[in-house]
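Engineer: Fold the stuff below for me.
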Amino acid sequence: MSSAKKKRPALPHAKQKEQVNKRALVWTGVAFAVIVIVVGTLLVLNI
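Structural biologist: This next block holds a predicted model:
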């Protein structure tokens with residue numbers, strides 16, 4: 001006689017997706033900041 005295995009809760013997957021979203025937001029923010037700094041530096045040097 002084998003008993004049915006209980007399904008694991010889907011919470012670990014949700015936390016993993018949140019981490020991926022946080023990493024994506026951080027990378028997007030860093031890329032945006034770098035672009036702003038570069039454009040600002042070019043504007044200052046050209047004026």
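
Engineer: in this structure, which spans are helices?
Structural biologist: Using DSSP state H, the helices found in the chain span residues 11-46.

Engineer: Run through it and note the low-pLDDT ranges.
Structural biologist: 1-5, 8-18, 47 (pLDDT under 70).

Engineer: what about Val34, neighbour count?
Structural biologist: Neighbour count of Val34, defined by other CB atoms under 10 Å: 10. C-beta coordinates here come from the backbone N, C-alpha and C atoms, glycine included.

Engineer: ok, now the one 5 residues further on?
Structural biologist: The burial count assigned to Val39 is 10, neighbours taken as other CB under 10 Å.

Engineer: how close does it sit to Thr28?
Structural biologist: For Val39, the distance to Thr28 (CB to CB, to the nearest Å) stands at 16 Å.

Engineer: can you check Ile37 too?
Structural biologist: Computed as CB to CB, the Ile37 to Thr28 distance reads 15 Å.

Engineer: What of Asn46?
Structural biologist: Applying CB to CB, the value for Asn46 to Thr28 is 27 Å.

Engineer: And those two? Which one has more around it.
Structural biologist: Remark: of Asn46 and Thr28, Thr28 carries more neighbours, 10 against 6, as counted by other CB under 10 Å.

Engineer: List the contacts of the more buried one.
Structural biologist: By CB atoms under 8 Å, 6 or more residues apart in numbering, no residues touch Thr28.

Engineer: Distance-wise, check it relative to Val36.
Structural biologist: For Thr28, the distance to Val36 - CB to CB - is 13 Å.
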